[in-house]
Structures are given as C-alpha cells and as structure tokens.
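Asker: Here is my input, please return the structure:
(one chain, ligands or ions: 1)
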Amino acid sequence: MQNTQRLLVLLLTIGYIGSSCQSPNSSQTSTEETNEIDSVPAQEFLAAPLISHIYTADPSAHVFNDTLYIYPSHDIESDIPADDLGSQFAMRDYHVFSMTEMGSEVTDHGVALSVDEVPWADRQMWAPDAAYRDGTYYLYFPAKDEAGIFRIGVATSTSPTGAFAPNPAPIEGSFSIDPAVFQDNDEAYYMYFGGIWGGQLQRWESEQYVAEDTYPADDQPAISPKVARLTDNMLEFAEEPKDVMILDESGKPLKAGDNERRFFEAAWVHKYQDTYYFSYSTGDTHYIAYATGDNPYGPFTYQGVVLNPVLGWTNHHSIVEFNGQWYLFYHDAELSNGQTHLRNIKVTELTHRADGSIETTTP
Ligand code: FUB
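Answerer: Residues are numbered from 1 along each chain as shown. Here you go, the predicted model:
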C-alpha cells in the first residue's frame, strides 16, 4: 500500500475508534428529530450528501421506468456499544428514495418496510437491495432472527417505493448479509451475498451455522462471498449457494491474509461491454475493490480499487447506468462528523476506461 493510503487508513481507523467512544447521548442524539446535523466543511469531500434529514447508508441504486430509485439502510442512533460485530448498527426500517434525473431533488417515499412487520426478523436491518420482474418489485434485506442469526428476507410490492409486504419466513437456505441482485440479459436473476466478522459468513464454512468465529489461516484461501440464481418467482434460491471465487493475477484464490484485496462484505455486480464486474468492500482496509469475469458465477480476477476509503469505517456502494452515464453510489459519515454508524449516501460519476478498467474514485 502506498504511504498516503496507509496514512488515510490510519486516520480513518482512529476516526472509527474515536467515534465509537462518543456518548450516544451527545448532541447527535437529536439530529434525526431536529434535522440539525452539524457537518464538517463540504469542500473536503468529492460529493455532498444526497439526503440530510435522516441518516442513510449502503445505497443500492436501480433504474425502473426511467427513474432512479435508491434502496439504502436507514441508520439510527443506538445506545448499543460499538464492537467488531457491528452491534451498533441497529437499524429498524427502510426508506426508498427517488430521483427523476441526476442532480434533481431526491424524494423520500417514507417507510417502505419496518422490522416490526417481518414475522421472523428481530433486529439489525442491514444493507438491502431491490429488483423488478413482471409487474412486481422485490425488496431483499438481511436481518437477525431471534436467535441472533442473520438471514435474508424478501418483501414484495406493486410499486418501486413500497410499501413492501414481507414473506413470513426468510429465503430458505439464506444466511449472512448484504444481498445484491443482478439481472443478466437472459432474464436470469442472481443474488450475491455475504459478509465476514459481524456478517457471520465465517460461521457457515461447514454449511451449517456454528456460533463461533473461525477464520482461515492467512496463507489459506479467503472466505468467499456466495451467489445463487433466484427462482422465477424471485422468492427463493433456485440452487444451493455457490462460492464466488476471486482470483489474483496468477489465477490463485486471494488469500485470507490479503486484507487489502480479499472480500469482506458489500457485494455488487454490474455488466459492462459483456464483462461481469464483481465489486465489494475489503472491510478492515476500507476499499471498494473490483474483479472481473466472463459469467455471473465467476471466477472473477482482481483488478483494482473502485473507491478509496471514506470517512467512517464502513465502505459500501452500488454501480448503475442512468441516462447513458455510469454512477457510483456510496456513503460516508460526513454529516455525523465521522460517527461510523450514522452515515449519509452520496453519488459521483464512474468511468470505465477504454480497456475496461475502472478509474479509482477518491471520496
Ligand atoms: O449497514 C450495516 C452494514 O455496514 C452493512 O450491511 C455493511 O455492508 C456495512 O456497510
């Protein structure tokens, strides 16, 4: 890693520890109600927050009927102490946002789904995604059940903005976090998912849940994200989830100790000129990285960095084409002055170079 990048990661890590030590009863407690969010100077950032009346994160953007819809997490204050499992991310509902064109006003369509409406879900509604098929919109979301195990649920609506009606049980065979649904040209839909540490992927390595965190040795292949094609009704996995292999330049799986490149969470797939781009967060090294392949199952070969570290510990994004321009949606913690669990979504243009590589964005 270059020295400047090391410094940036160090500063962000310090910021994380500092923010997690702040009292939840600090002045930020009332910001959601009063809309008085103190912000650090906007000129230090590449982009301004898209929304400032509530905290939002993990923006999954899609274009439906020529309108851009954003399906983010809704961050909230919590008195749960911060830890490496992300217990402080105590979100309880989702809002949907829309923009008729880039730069236009962002409309908040209100609560689209609440944890209180989902029979199987108990807490922590983390990063969602959405899809459309045959007149129905699908909202996919992770949440912990009463046993504290992350599962992935689905809810449906005839409107892209909801309200969404949840299925009574999570998707059978689902686990971990951060679902991202990609529609290929042949009308097949694939769900990518998974996250280590608080996302619990490391607890499923033996294909059943083990309430203990075991990680591969640094010189062993890293834990892989998962992919499963969805059934035609979009409500179930059509197959057992498979490993998404991310390879290095010599065709070997990235190693568990390769923290700057290995998968951590926040999977996303887009297709550009017949190439499949699998992008993801490297978690504790704070990058959005990407790897490319020639089919939706991979393997994908590591290519580089889409987004450098943001203010706040987590990095999470989506990539979408809207009116002929590609965009990178992401979040940082500008509005909360770096409080990692109180984030705000942003957008900037994304460039594919002539050789297909992606220009790195510094936020
Ligand atoms: O928002 C909660 C979690 O933080 C998400 O699921 C992760 O991707 C990270 O952004």
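
Asker: Quick check: residues of this structure near the ligand?
Answerer: Proximity of the chain to the ligand is confined to 57-58, 73, 86, 89, 126-127, 177-178, 195, 265-266, 314, 316 under the rule C-beta under 6 Å from any ligand atom. To be clear about C-beta, it is placed using only N, CA and C from the backbone, and glycine gets the same treatment.

Asker: and the least confident of those residues?
Answerer: pLDDT is lowest at G86 among the residues of the chain next to the ligand; the value there is 95.

Asker: how much space is there between that residue and P160?
Answerer: 28 Å (C-beta to C-beta, to the nearest Å).

Asker: Can you report phi and psi for L201?
Answerer: Torsion angles at L201 (phi, psi; degrees, to the nearest 10) stand at phi -60, psi -30.

Asker: quick revisit: strands - which of the residues of the chain next to the ligand land there?
Answerer: Mapping the residues of the chain next to the ligand onto strands (DSSP state E) picks out A57, D58, S73, E265, A266.

Asker: The second one reaches S73, doesn't it?
Answerer: Yes. The criterion here is C-beta atoms under 8 Å, and D58 meets it with S73 at 4.3 Å.

Asker: Now for the two: what residues contact both?
Answerer: Residues touching both D58 and S73 by C-beta atoms under 8 Å, 6 or more residues apart in numbering: W126, A127, P128.

Asker: and the residues you listed as JSON lines, adding neighbour count?
Answerer: What follows is the shared contacts of D58 and S73, written out as JSON lines (neighbours: other C-beta atoms under 10 Å):
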{"residue": "W126", "neighbour count": "25"}
{"residue": "A127", "neighbour count": "30"}
{"residue": "P128", "neighbour count": "29"}
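
Asker: Dump those into TSV; add distance to D232 as well.
Answerer: Converted to TSV, these look like this (distance: C-beta to C-beta, whole Å):
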residue	distance to D232
W126	27
A127	25
P128	22
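
Asker: Specify the local secondary structure of P168.
Answerer: coil (DSSP: H, G, I helix; E, B strand; the rest coil).

Asker: Excluding sequence neighbours, find me the nearest residue to it.
Answerer: P119 (4.9 Å; C-beta to C-beta, 6 or more residues apart in numbering).

Asker: Low-confidence regions, this protein specifically.
Answerer: Within the chain, the ranges that satisfy pLDDT under 70 run 1-43.

Asker: which stretches of it form helices?
Answerer: 3-20, 31-34 (DSSP state H).

Asker: Tell me which residues touch the nearest residue to A112 once chain neighbours are set aside, please.
Answerer: Nearest in space to A112, with sequence neighbours left out and distances taken as C-beta to C-beta, 6+ apart, is G162 at 3.2 Å. By C-beta under 8 Å, 6+ apart, the contact list for G162 reads Y94, V96, H109, V111, A112, L113, Y137, L139, A155.

Asker: Taking these together, which two end up most distant?
Answerer: V111 and Y137 (15.5 Å; C-beta to C-beta).

Asker: more crowded one of these two?
Answerer: Under the criterion of other C-beta atoms under 10 Å, the comparison of V111 against Y137 puts Y137 first, with 24 against 16.

Asker: Look up how far E77 lies from that one.
Answerer: From Y137 to E77 the distance is 29 Å (C-beta to C-beta).

Asker: same check, this time on V310
Answerer: Taking C-beta to C-beta, one finds V310 at 20 Å from E77.

Asker: Identify the residue nearest F141 in space, chain neighbours excluded?
Answerer: P128 (4.1 Å).

Asker: and the gap between the one you found and A211?
Answerer: Applying C-beta to C-beta to P128 and A211 gives a distance of 25 Å.

Asker: for the stretch 51-200 of the chain, what spans make up the strands?
Answerer: 55-64, 67-75, 93-99, 107-114, 129-133, 136-144, 150-157, 165-166, 180-183, 189-193 (DSSP state E, counting those that start in this stretch).

Asker: go on, the stretch 251-363 of the chain?
Answerer: Going by DSSP E, counting those that start in this stretch, the stretch 251-363 of the chain shows strands at 265-272, 275-281, 288-293, 300-307, 317-322, 325-332, 344-349.

Asker: Export those strands as CSV, with columns for mean neighbour count.
Answerer: Formatted as CSV, the strands of the stretch 251-363 of the chain follow (neighbours: other C-beta under 10 Å):
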stretch, mean neighbour count
strand 265-272, 23
strand 275-281, 24
strand 288-293, 23
strand 300-307, 20
strand 317-322, 21
strand 325-332, 22
strand 344-349, 21
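
Asker: now the ones you listed as JSON lines including distance to E44?
Answerer: Listed next are these as JSON lines, based on distance: least, C-beta to C-beta, whole Å:
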{"stretch": "strand 265-272", "distance to E44": "24"}
{"stretch": "strand 275-281", "distance to E44": "22"}
{"stretch": "strand 288-293", "distance to E44": "19"}
{"stretch": "strand 300-307", "distance to E44": "16"}
{"stretch": "strand 317-322", "distance to E44": "20"}
{"stretch": "strand 325-332", "distance to E44": "10"}
{"stretch": "strand 344-349", "distance to E44": "13"}
